[in-house]
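Asks: Structure of the sequence below:
(2 chains)
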Amino acid sequence: MDLSQYLEIFIDETKEHLQTLNDQVLIMEQDPENIDTVNEIFRAAHSLKGMAGTMGFKRMQRLTHDLENVFSEIRNGKMSVTPDIVDIVFKCLDALEGYLANIEESADEGTEDNEEIINLLNAVLDGSTVQPDEPTPTLEAIATPVAEVATTVSDGTDKRKFLQLPIADFEINAMKEAIANGMNVFGVTVYIQETCILKAARAFLVFKGIESVGEVIKSEPSVQDIEDEKFDFDFSMFIISEKTAEQVQKVIANVSEIQEVVLEPFTPEQAQSVVPVETVATIEEEKKPAVEEAKTESTNETASEKKKPTADAKKKPVVNRSVRVDIEKLDDLMNLVSELIIAKNGLVSVNAYEGGSQTQQFNEQIEYLERITTNLHESVMKVRMVPIESVVNRFPRMIRDLSKKLNKEMELIMTGEETELDRTVIDEIGDPLMHMLRNAADHGLESTIDRIKKGKPQVGTIRLDAYQDGNNVTIEVTDDGAGIDVEKVKASAIKKGAITEEQAEMMTDKEAIDLLFQPAFSTAEKVSDVSGRGVGLDVVKSKIEGLGGDVEVHTVLGEGTTFIVRLPLTLAIIQALMVEIRDEKYAIPLNSIVTVEDIPTTDVKLVQNKEVITLRGAVIPLVRLDQVLDSKPLEEDPENLIVVIVKKGDKQAGLVIDNLIGQQEIVIKPFGKYIYIHKMFSGATILGDGEVALIIDANTLV
Amino acid sequence: MAELTHSDEIKQYIVTKLGNEQYGIDISYVDNIVRMQKITRVPKTQPYFMGVINLRGEIIPVMSMRSKLEMEEGEITNTTRIIIIRPEQNALLGLLVDEVREVVTLSEEDVEKVSYDNGWDDSNFFVTGVGKYKDTLISLININGIIDD
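Replies: Numbering: from 1, shown residues only, chains lettered A, B, ... in the order given. Coordinates of the predicted model:
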């Protein structure tokens, strides 16, 4: 068997465990007395160690081993949590993440021993009452997620299924020989948790573990069948080992998602009597006392920690029935759905063109088809959706580190982690969000002393709120810090030569704040490690716009700043308003449209030689799309203008069009290569009649 | 151009007409030939691009060969065709021509190579050579030349 096929599982699970560790250690830092947290950490560390060991990552195993020891001391009350310990633990977690990164890249943990961290961990242990080098065997046994429950389940069936295995003569001979050589023979039945997805992988890890301590002489189902996942949730085997029952049991139990391991010494004599399957029942009778003995023995061992199994059961999330799918397959599916929508639009437009000469039934069928394609599209989209949790869950740890580094007290409050976004967006959004949080921590929040002086709460608050808003997802990053000092921004821009003093005077606050998004601009007076290298906000902005979203800033001097990021739910299919300019059709994405207005030409005013209209008290600049698009000029101006009011953040503009066609679901298609495309077009789409229409990115016109 | 220097090489060309001239397009680049269809204008693009068309759900830019070769614009007639070429694995490009005539096979000795240092002007950069076929001359189009702009 090849271990590499389980590497992916290992990586995924290690990530999960590291995340748990990070989360829990943060909680522990706040609440050092919480024993549940310590237990949780201990369990995660232990599983990590077991997994690393199974996969042969010795350095990683060693580090987790020491980490585990520290927590076993804490758990036993022999040591208490100090800020120092927390720092060391975090360092240790970072080192583990380093190993993981190496493994992900090259399937090898690398050569970094992290001796320093190990020494630190051992120093912590030395400070406590126990020898650090002495692994605490009882604890390890306890921490295994395996419940040492009764060997028979309540309905009376014997859990020792291995007793029912038919055994061939040569196998008995092998056992006899082994015993003669002073080895132990064990019968084992392993029960895998029913929620486990990759049973075969678990079974494989069990076999792998056993191979390290002994030899399997028989298994049922066969190794091949187990590999092919042709078994229920249990399998039985006989093994020969030099080790004791406890040791072997521990090895098996180290594999996660194992419900239970039933293991007993086995003698060839038993085997002989077992051979005829019919007689099993009677033999059971005779064997009972032996079982009882074994049972008491093992229960004693874990008696002190009986609460463990239940706690563990609670911790393991109930795994949903799910399938891993390659993202490319989903893309293919999405493309097919897009094609279907185009075909459907074709049918709809044929029907409209025929002018109602079709029967009522035909119309109904088309409407039905429309409903189905819309639902299908939604379902496929949902499949691609991932909660943003997978991105934001590393932020609490980051803020905690920043807090230490910057010597500012701060806390991060996150809401809406369950909000979902398209997978492609999720992959890209992590860095921009991190930038914004760092900004909030470094530039936004004042130093603790300043806060006290200003009479603000000593601990600064950074919020990250995510929520769905129509076809968009909004993520807000808010701090209750000093706010952006517009004058300071202007002064800095002048100093950098980005603007002149005259320009600065003319600027509105909003325009000044927009300067922050210019490349190579930073208001930080001191360049710090954390942020303030001048790269940041411009990268944030371009990345988010690249995803079809936008960023906006609200700030109140002295009270704080909010960055608002809006992202589209999906990238491929959007709702758009179809418009006509002369005889050409264009699509304007619905999410940037505020309203459509009918404006008498006489209402158009000139301000600084630019056309504007006044709408509900707001002055809105007009954009003559026909001019922007180099269309044929009209012979005479119409009496009324049809104006599509679009927005970008707070700013609005009115796009003048000739005709409205209506709302339509459109599929965004890329332009081919070689042709130059002005940035006002975000793509093209194919209409129902097969014609191509360009999609106008209203953001570029505001 | 490099491939034309190989000795005893035989290539097939699609012969197209632009005005009174004949142009040959290496058949190995050609994906498809379609009739004239509605071309959607793309504002602010290069002047020799007429716009984009929809070919089986894909958006493909269409270039006017007349415009690219600095000839005056011709009329769209019944014989006007769009030759869809595939210069690269995942990229298609349409070339608008007045007419598609035939497929010819030319061997290396039928082709006179163009050398740019003896009096050819820039507009001929899009031509790799001139092929002799029966009594006519066919300018062979340099695909890399027309896309590399």
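Asks: so where does residue A:87 fall, helix or strand?
Replies: Per DSSP states H and E: residue A:87 is located in helix A:83-106.
Asks: which other helices and strands contact that helix?
Replies: Here helix A:83-106 touches helix A:7-30, helix A:58-75, helix A:115-127, helix A:395-406, going by 3 or more C-beta pairs under 8 Å, 6 or more residues apart in numbering or on different chains; DSSP states H and E. The C-beta positions use only the backbone N, C-alpha and C, and glycine is treated the same way.
Asks: Can you tell me what sits against the first one?
Replies: Surrounding helix A:7-30, the residues in contact under the criterion C-beta atoms under 8 Å, 6 or more residues apart in numbering or on different chains are A:34, A:37-38, A:40-41, A:44-45, A:47-48, A:51-52, A:55, A:81, A:83, A:86, A:89-90, A:93, A:96-97, A:100, A:103-104, A:107, A:198, A:201, A:256, A:393-394, A:396-397, A:400.
Asks: Can you report the mean pLDDT over the residues of that helix?
Replies: The average pLDDT for helix A:7-30 rounds to 83.
Asks: could you dump that helix to CSV, C-alpha only?
Replies: Presented in CSV, the C-alpha positions along helix A:7-30 are these (Å, rounded to 0.1, in the frame of the first residue of the first chain):
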residue,chain,number,x,y,z
LEU,A,7,-1.4,12.5,2.4
GLU,A,8,-4.3,14.6,1.4
ILE,A,9,-6.4,13.4,4.3
PHE,A,10,-3.5,14.0,6.5
ILE,A,11,-3.0,17.5,5.3
ASP,A,12,-6.7,18.4,5.6
GLU,A,13,-7.0,16.9,9.1
THR,A,14,-3.8,18.5,10.3
LYS,A,15,-5.1,21.9,9.1
GLU,A,16,-8.3,21.2,11.0
HIS,A,17,-6.4,20.3,14.2
LEU,A,18,-4.1,23.3,13.9
GLN,A,19,-7.1,25.5,13.5
THR,A,20,-8.7,24.0,16.6
LEU,A,21,-5.5,24.4,18.5
ASN,A,22,-5.3,28.1,17.5
ASP,A,23,-8.9,28.7,18.4
GLN,A,24,-8.7,26.9,21.7
VAL,A,25,-5.4,28.4,22.8
LEU,A,26,-6.9,31.8,22.2
ILE,A,27,-9.8,30.9,24.4
MET,A,28,-7.4,29.5,27.0
GLU,A,29,-5.5,32.7,27.0
GLN,A,30,-8.7,34.5,28.0
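Asks: any idea of the angle that helix forms with helix A:395-406?
Replies: 50 degrees (axes from the mean of the first three to the mean of the last three C-alpha atoms, to 10 degrees).
Asks: buried residues in the worst-scoring helix or strand of chain B on mean pLDDT?
Replies: Ranking every helix and strand in chain B by mean pLDDT, DSSP states H and E puts strand B:111-113 at the bottom, with a mean of 82. For strand B:111-113, burial by neighbour count (16 or more other C-beta atoms under 10 Å in any protein chain shown) applies to residue B:111.
Asks: Can you give the distance from it to the centre of its chain?
Replies: Centroid displacement of strand B:111-113 relative to its chain, using C-alpha atoms, centre = their mean, to the nearest Å, is 17 Å.
Asks: For it, name the packing helices and strands.
Replies: For strand B:111-113, the packing partners by 3+ C-beta pairs under 8 Å, 6+ apart are strand B:127-133.
Asks: tell me the average confidence for the strand it packs on?
Replies: Mean predicted lDDT for strand B:127-133 stands at 87.
Asks: Then stretch B:29-39?
Replies: Taken as a whole, stretch B:29-39 has a mean pLDDT of 92.
Asks: what about it, near chain A?
Replies: Yes: judged by C-beta under 8 Å from any C-beta of the partner chain, stretch B:29-39 comes into contact with chain A through residue B:38.
Asks: Give me the buried positions along that stretch.
Replies: Those buried within stretch B:29-39 under the rule 16+ other C-beta under 10 Å are B:29, B:30, B:33, B:34, B:39.
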